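Student: Generate a structure from the sequence data that follows.
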Amino acid sequence: MIIARYSEVGLKGSRARSMMINKLKTNINEGLRRLGENAKITTERGRIYLSDYSVQGNVLDVLGRTMGIKSFSPVVSITYTKPEEIAQKAVELYSRMLNGKKFAVRSRRAGGQPFTSKELNVIVGDALYDYSAGVDLDEPDIEVSIEVRNNRAYFYVENYMGPGGLPLGSEAPMVSLMSGGIDSPVAAWMIMKRGSPVDFIFVSLSHPIDTVEFLRSANTLIGDWALGYEPTVHIIDGRPLIDLLVLSHKIKIPGVTYKRILYSLAIAIARERNAYGIITGESLGQVSSQTPQNLFAINHGIDFPVYRPLIGMDKDEIADIARKIGTFPVSNKGEFCALFSQTVVLNASPEDVDRDILSYDIQEKLLDNRTVLRGAEVEPYMKSISDEDYEITELPENSIVVDLRSKTNYNDWHYENAISSGLGGVKKVIEENGNDKIYVFYCQKGLQSAYAASEARNLGVRSYYTSSEKIRKMK
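Tutor: Sure thing, here's the model as predicted:
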């Protein structure tokens with residue numbers, strides 16, 4: 001069988017603990033069902049036992065992705081009457097395994113046995129000693145672990161770690177502002193780990209290009225980690241915001257104001273979904289919009305809880321978690337702020353953001369036109385909008401190349417015969433050169449050029465995007 005352990009759940013009062021254990025069992029069963037697996041699940045204080053399964057690896061996989069599970073181990077169990085019987089079973093299980101290796105015995109007990117854990121370690125260690133290269137309590141080659149509960153003993157040498165936390169669905173729901181980047185999927189995962197079901201909100205600035213990047217992360221969170229809950233995914237076409245924030249020249253601090261707009265959209269959806277907070281992937285000082293002053297300005301006047309689980313973490317820590325949970329992005333097209341401001345603002349005032357927001361009158365339209373997907377619909381939708389034919393690795397013959405970087409960068413280096421243009425000049429470039437041509441847009445990392453290619457295709461023009469680094473390698 002397999003023993004699964006939980007930690008925080010065991011600290012709850014009897015009523016909450018019973019609810020959470022039942023939720024754990026439900027979520028484990030859901031994970032097994034997705035793999036076509038089944039198991040008998042029994043519980044006692046602090047432990048969940050799984051048996052009668054077909055493939056052990058399936059059960060281990062599910063337990064490793066079940067929020068609330070701290071650790072788990074495949075075990076062999078016996079019923080015993082005296083500790084010598086435990087030692088005899090240990091010899092049967094481990095004598096060959098210990099040949100030429102140093103070992104240690106670790107035991108724990110529950111149930112009031114007439115011997116201590118230390119005494120059991122000595123009895124079992126004496127029985128195994130002659131089969132080994134000796135004992136090493138600090139760095140053993142093999143660690144023989146024994147868990148004694150009442151009149152049963154459980155033997156194991158492998159202990160796998162689960163995510164820990166609380167069972168998904170045991171706390172109130174929330175919504176998460178997410179992107180296809182590194183940070184926000186990790187933030188959503190960390191709140192899911194605390195037991196809250198999370199719906200995902202994405203504001204696309206270059207649909208479908210950046211939408212696919214986001215959906216890859218969302219699909220991982222849904223498929224791997226949302227055991228026991230099917231998230232809802234809200235995709236908002238935010239390209240009209242580019243007109244407001246960049247091209248209209250009405251907005252004083254577009255990068256910071258954009259974040260306030262994101263919050264307002266998330267709050268509207270949270271209230272619609274009866275959620276109790278919004279989650280963001282902000283880390284203090286990581287980018288210009290995340291300075292204390294700017295976060296203060298963004299939050300000003302908001303009467304809804306905002307949770308920032310990454311606020312004190314650095315990028316390497318966040319990236320390590322993203323790799324561990326499978327959401328580390330395939331590519332990096334840069335930060336949204338590159339779209340909105342050539343001048344970095346580190347200390348926006350609440351009053352400036354409040355004045356900017358007066359020009360924002362399209363929230364209802366953005367929400368009405370969003371795409372809403374159930375978790376099971378994400379993968380088919382992602383395939384239907386695949387961006388494979390947007391980004392290029394070779395320049396099409398006779399294409400017109402457009403450089404969207406700053407004039408300084410353009411003058412330092414640009415692709416031969418590339419046209420220099422800002423985002424606001426894309427339509428003009430097409431009008432001057434004809435909509436029957438092929439256009440390739442490039443910027444520093446790809447976000448601005450992805451937006452430009454998306455807008456050009458909306459005009460019926462064949463267009464592609466890339467980054468300055470990649471276009472340097474093209475002929």
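Student: CA atoms only for stretch 159-174, dumped as PDB, please.
Tutor: What follows is stretch 159-174, C-alpha atoms only, in PDB (Å, rounded to 0.1, in the frame of the first residue of the first chain):
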ATOM      1  CA  ASN A 159       9.700   9.200   1.000                       C
ATOM      2  CA  TYR A 160       8.300  11.500  -1.600                       C
ATOM      3  CA  MET A 161       7.200  15.100  -1.000                       C
ATOM      4  CA  GLY A 162       3.800  16.500  -1.900                       C
ATOM      5  CA  PRO A 163       3.000  20.200  -2.300                       C
ATOM      6  CA  GLY A 164       1.700  20.500   1.300                       C
ATOM      7  CA  GLY A 165      -0.700  23.200   2.300                       C
ATOM      8  CA  LEU A 166      -4.500  22.700   2.400                       C
ATOM      9  CA  PRO A 167      -6.800  20.600   0.200                       C
ATOM     10  CA  LEU A 168      -8.000  22.500  -2.800                       C
ATOM     11  CA  GLY A 169     -11.600  23.600  -2.200                       C
ATOM     12  CA  SER A 170     -11.300  23.800   1.600                       C
ATOM     13  CA  GLU A 171     -11.100  27.600   1.400                       C
ATOM     14  CA  ALA A 172     -13.100  30.300  -0.400                       C
ATOM     15  CA  PRO A 173     -12.600  30.900  -4.100                       C
ATOM     16  CA  MET A 174     -10.500  33.700  -5.700                       C
END
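Student: any weak-confidence spans in this structure?
Tutor: 332-343, 387-388 (pLDDT under 70).
Student: so what are the domain limits for it?
Tutor: Domain segmentation of the chain under automatic domain parsing yields 2-161, 174-384, 400-472.
Student: Outside of stretch 236-245 itself, which residues are in contact with it?
Tutor: 201-207, 250-251, 254, 257-258, 261, 265, 339-340, 359-360, 362, 365-367, 369-370, 423, 451, 454-455 (C-beta atoms under 8 Å, 6 or more residues apart in numbering). C-beta here means a position set from N, CA and C on the backbone, and glycine is covered the same way.
Student: pretty sure Lys475 is touching Thr393, no?
Tutor: No - when contacts are counted by C-beta atoms under 8 Å, Lys475 is not listed as touching Thr393 (11.2 Å).
Student: Specify which residue of the two has the higher count of neighbours.
Tutor: The neighbour count for Lys475 versus Thr393, taken as other C-beta atoms under 10 Å, is higher for Thr393 (9 against 4).
Student: Surely the more buried one is within a strand?
Tutor: No - counting by DSSP: H, G, I helix; E, B strand; the rest coil, Thr393 falls outside a strand, being coil.
Student: For Thr232, give me phi and psi.
Tutor: Phi and psi for Thr232, reported as degrees, to the nearest 10, are phi -100, psi 140.
Student: what sits against the residue nearest to it when sequence neighbours are not counted?
Tutor: With sequence-adjacent residues excluded and distances taken as C-beta to C-beta, 6 or more residues apart in numbering, Thr232 is closest to Asp199, at 4.5 Å. Listed by C-beta under 8 Å, 6+ apart, the contact partners of Asp199 are 173-176, 231-234, 269, 273, 275.
Student: quick check, nearest of those to Leu32?
Tutor: Pro231 (19.7 Å; C-beta to C-beta).
Student: And that closest one, its phi and psi?
Tutor: Dihedral pair for Pro231: phi -60, psi 160, per degrees, to the nearest 10.
Student: Would you confirm that Pro140 contacts Val105?
Tutor: No - in this structure Pro140 lies outside contact range of Val105 using C-beta under 8 Å: 9.1 Å.
Student: Show me which of those two is the more surrounded one.
Tutor: When Pro140 and Val105 are compared for neighbours, Val105 comes out ahead with 25 against 18, by other C-beta under 10 Å.
Student: out of the contacts of Asp199, which are inside strands?
Tutor: Among the contacts of Asp199, the members falling in strands are 174-176, 232-234 (criterion: DSSP state E).
Student: Tell me which two in those are the farthest apart.
Tutor: Farthest apart among the ones in strands among the contacts of Asp199 - using C-beta to C-beta - are Met174 and Val233, which lie 14.2 Å from each other.
Student: Thr26: which element?
Tutor: If you go by DSSP states H and E, Thr26 is part of helix 14-34.
Student: do the same with Asp436
Tutor: Using DSSP H and E, no helix or strand contains Asp436.
Student: Distance of it relative to Ser454?
Tutor: 19 Å (C-beta to C-beta, to the nearest Å).
Student: Pick out whichever of these two has more residues nearby.
Tutor: Set Asp436 next to Ser454 and count neighbours by other C-beta under 10 Å: Ser454 wins out with 24 against 8.
Student: so what's the more buried one up against?
Tutor: 206-209, 239, 390.
Student: Which of those residues sits closest to Gly36?
Tutor: For the contacts of Ser454, the nearest to Gly36 is Pro208 (32.3 Å; C-beta to C-beta).
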